[in-house]
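J.: pasting the sequence and the predicted coordinates here, then a few questions.
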Amino acid sequence: MLTKINLNSLVIAGFSILLILLLLSGGYAVISASGLNDALSNVINGPAERVKLADRVKQSTLTLAGQSRKLILAKSPEQMKRVQSVIDNEQQRLSERLTALDSITPTSSKPRIAKIKSEIDLFNQTVDEVIALASLNSNAKAREVSENQGAEAFDALLAVINNIKTSIRERAARTGVTEAGQLQRTYLDNMSELSARLIRQEKNYILATNPQRLLDIEQEINGLRTAIEAEIQKFSNSVTSSDIAAANELKSAKNTYVAYQKEVVDLSKENGNNRAFKLLSEQGEAAIDNIENLVSDIVQDNDTQLTEAIAATDTEYVSIRRSLIIAAIVSLVLGVLISFVVSKRLKEVSTIVAEIGQGNLNNVFRAGYSEKDIYTGLSNMNGKLTSIVSDIQQSADNVSSGSSELASTGQQIAQGATEQAASLEEVASSMEEMSSNIAHSADNARQTESIAQQSATEAKESGDAVRNSVSAMQNIAEKISIIEEIARQTNLLALNAAIEAARAGEHGKGFTVVAAEVRKLAERSQHAASEIVDLSTETLTVSERAGQMLDSLVPNIQKTAELVQEISAASVEQDKGAAEINKALQELDQVVQQSAASAEEMASTSEQLSAQAQQLTASMSFFTLDNNKRPPTPPMARNGNASRSSSYTSHPTAGGQQRTKTVSSNNSGGIDISLDDDDGFVKYSN
Amino acid sequence: MVTQDHVETLQVLSFVLDGDYFAIGIDSIQEVIEYKNVTRVPRSPEFMQGVINLRGQVIPVVDLRVLFSMEVADVTLDTCIIIIDVDVEGEQNPIGIVADSVKEVVEFDVSAIQAAPKIGLSVDNRFIYGMVEQESNLLILLSIQQVFDADDIQQLLMPLETAEGLEEADA
């Protein structure tokens, strides 16, 4: 029954139940914990708080008592004021605490609080009284008067007595000791002694606290006063009229002192501090004791309440624990149940997965599982893997044959490239030879150019030389004409001589011969001169022609030089071009060699590819495929749309036949199947 | 004047005139000078080129070409004036004759002189004394006195002789 449920849903459902249980028990635990917390809070806020407040009330009363004592003992008004403000604050706090205590006290205990309140009111009244008495501070005031004005008046009295004594002594030194003077001195000495006793008793009176003792001292003081009065009276009587002034002075000083003393005695008689102390000690202590008793009662009550509350909390805890244990047991049982079911299903799946992992794709899948279940997914995967593995095997065979062809082609290319490289090397060497020839030609052209330039210059120089020679010839011709002239003159002279000789007859015969000879010489020189003139004229013509020819030659030679220069430049250009061609050829050679290397590499790579393809085939043989059971298309195809199924059927048609070939060549026992066959698909799918 | 009787040899001065070689006996020749400074004389006959001053003596110059009816040629460097003595009215007078060029003084035997042919010569037969073969050239020996003996020339020369000459002739 559970096989119908998807493994996924099963796991989700199981864990959901567990989760719900967990949430329920957790919620229960949280609620119980909050109940416990409330109980604890009640304990803390109720009895514990009450105990605390009661203690604080007690503490406040004690503080008030202490501060009151401090007030009684205070000397200066400033100190008193400070202490009084502290007392006021404490009273305020005490009333606040009491109100707080009252607010949290249950109604059953209210009468007790009212009692405490009345006691505290009583105590406060006592404190107020104490404050009133202490604020009189009579003892301190009495002491102050006694120490200041009293002491001053006393000193003045003593000074007056001493003055009188001195004046009496002086008088005695002057007039001699008289009986009256002796008497006066005695009176005065008594007065001094009595005054000293009086002031001592005054101090005692200030210090005394006992009322009985106070009365005793007062009587003594009165006695001393009357004694001093009597002595003064005696002195007044004894003195002469001249000393009346001194006696009066004495009397007034005594009166001043006694007036201050009376004030001291009156203040001391009040005895406020002592009374206040007494009041505090008696009534205040009693009130405090009462309050203390009441507070301890409250504390005791609240302690009892606390114990009760803790007992209740313990009971609640036990019940919560039981509930939680029951919930945990239920969860455990459910969890074990769910994990058992899930593990069973997982075991089934893992067995199939292990089979696939070992390459066995001939697994039998049971029907009746949900389509979304992992089991169905595994079934689909098995089918897909089967088809993919068979495809890969076929493709690997194809790759293997293709790569071997590729290898042979690559080797052919490599061979061709090597031949190309050899031809290129030949071309390069020819090119190098040609470029060296061109360079040689360029060099020759350069040399020719320089020679032509030189020739042009020399031709120009030759022209100049010819011109010079022409002018020289002209000079010669001119000079020759002079010779001609001379010859002619000589000729004439010779003729004349001959004529004269002939006239002379026989005597002149010899001279005639000489004259004839001279004439002949003259004629000859004339002839020679004319010949020279002819020759020079001829030479002149020739030279002029030569000059003209040379002149026309110079531009020709220059033209030639220019042309040769152009040829030289062209040769240099050619040389450069040849070098570039050479370079290009070398680059081409490199490229061809590279392509040869690449082709060889390609060949080796394709061999490797072939090996890899064979390795792939070997690897694929890991999967055991029962060709009978090989599903042509996965079951998904049926569920998929029409176009998808058509693509599945049309694709393998090309490879199908080839695969048949390869399978038959590799494995003679293989079975030829057609993937186009839809009948097979119908047969093997449910 | 040539004395053919006594002298067995004859000396002549040869000269060229329009390509032909002529010769004059050395006796009648004074000297040979260059052709220069010929001053033309107005209203003189055509054969008179003019006069020259030779060492203070004014001498008439005659162009033989004109006289011999030859073409008139330009003066060249070789052109010379031969000063000869001519008997005019019995007096020896110097006259210059223009020759294209003067060649040489030639001496030859009188026997070598041949008679001039009667016809076919450019020069009048009267003026030719004879012809001599000389170095492949044929020298025409001029009888210069005959040349200037002609009346017209004598006449023409007369006025040139001035009153002096006429006075002398008269005397």
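T.: It's in.
J.: buried set for the helix or strand hosting B:Gly50?
T.: Per DSSP states H and E: B:Gly50 is located in strand B:48-54. Within strand B:48-54, the residues that qualify as buried are B:48-52, B:54, counting by 16 or more other C-beta atoms under 10 Å in any protein chain shown. For glycine as for every other residue, the C-beta is placed from the backbone atoms N, C-alpha and C.
J.: what's the answer for stretch A:227-234, then?
T.: A:227-228, A:231-232, A:234.
J.: quick one: the residues you listed as JSON lines, columns for distance to chain B, pLDDT and secondary structure too.
T.: JSON lines is the format used below for the buried residues of stretch A:227-234 (distance: C-beta to the nearest C-beta, whole Å; pLDDT from 0 to 100; DSSP: H, G, I helix; E, B strand; the rest coil):
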{"residue": "A:Ala227", "distance to chain B": "214", "pLDDT": "86", "secondary structure": "helix"}
{"residue": "A:Ile228", "distance to chain B": "209", "pLDDT": "84", "secondary structure": "helix"}
{"residue": "A:Glu231", "distance to chain B": "213", "pLDDT": "83", "secondary structure": "helix"}
{"residue": "A:Ile232", "distance to chain B": "211", "pLDDT": "82", "secondary structure": "helix"}
{"residue": "A:Lys234", "distance to chain B": "217", "pLDDT": "82", "secondary structure": "helix"}
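J.: do a quick rundown of the strands in the chain.
T.: Answering for chain A, as no chain was given. Using DSSP state E, chain A contains no strands.
J.: please refer instead to chain B.
T.: B:9-17, B:20-25, B:29-34, B:48-54, B:57-63, B:80-88, B:91-99, B:101-109, B:128-134, B:137-142.
J.: the residue in the stretch 501-650 of chain A that chain B sits nearest to - how many residues pack around it?
T.: Residue of the stretch 501-650 of chain A nearest chain B, by C-beta to the nearest C-beta: A:Ala502 (3.9 Å). Neighbour count for A:Ala502, taken as other C-beta atoms under 10 Å in any protein chain shown: 23.
J.: mind listing what the closest residue to it other than its chain neighbours touches?
T.: Of all residues not flanking A:Ala502 in the chain, B:Ile26 sits nearest, at 3.9 Å (C-beta to C-beta, 6 or more residues apart in numbering or on different chains). With contacts taken as C-beta atoms under 8 Å, 6 or more residues apart in numbering or on different chains, B:Ile26 has the following neighbours: A:498-499, A:502-503, B:11-13, B:105.
J.: out of these, which are buried?
T.: Applying 16+ other C-beta under 10 Å to these flags A:498-499, A:502, B:11-13, B:105 as buried.
J.: now for chain B, the helix or strand with the poorest mean pLDDT.
T.: helix B:151-170 (a mean of 53; mean pLDDT, DSSP states H and E).
J.: show me what the longest helix seen in chain A packs onto, helices and strands only.
T.: Determined from DSSP state H, the single longest helix within chain A is helix A:374-503. Applying 3 or more C-beta pairs under 8 Å, 6 or more residues apart in numbering or on different chains; DSSP states H and E, one finds that helix A:374-503 contacts helix A:7-43, helix A:285-357, helix A:509-620, helix A:636-639, helix A:642-666, strand B:9-17, strand B:29-34, strand B:101-109.
J.: of the ones you listed, which is nearest A:Glu119?
T.: Smallest distance to A:Glu119 across the helices and strands packed on helix A:374-503 (C-beta to C-beta): 4.7 Å, for helix A:285-357.
J.: angle of the closest one against helix A:7-43?
T.: 170 degrees (axes from the mean of the first three to the mean of the last three C-alpha atoms, to 10 degrees).
J.: on contacts alone, who are the packing partners of helix A:285-357?
T.: Against helix A:285-357 (3+ C-beta pairs under 8 Å, 6+ apart) you get helix A:7-43, helix A:49-73, helix A:110-136, helix A:374-503.
J.: so how far is the first one from its chain's centroid?
T.: Between the centre of helix A:7-43 and the centre of its chain there are 44 Å (C-alpha atoms, centre = their mean, to the nearest Å).
J.: please apply the same query to the last one.
T.: Centre-to-centre, helix A:374-503 and its host chain are 74 Å apart (C-alpha atoms, centre = their mean).
J.: same thing with stretch A:604-623?
T.: 54 Å.
J.: which parts of chain B sit against chain A?
T.: Contact residues (C-beta under 8 Å from any C-beta of the partner chain) of chain B with chain A: B:11, B:13, B:26-27, B:29-34, B:77-78, B:80, B:102, B:104-105, B:107.
J.: can you say which of these are buried?
T.: Buried, going by 16+ other C-beta under 10 Å: B:11, B:13, B:26-27, B:29-33, B:78, B:80, B:102, B:104-105, B:107, out of the residues of chain B next to chain A.
J.: okay, among those residues, which ones form the most distant pair?
T.: Using C-beta to C-beta, those span at most 24.4 Å, a distance reached by B:Asp27 and B:Asp78.
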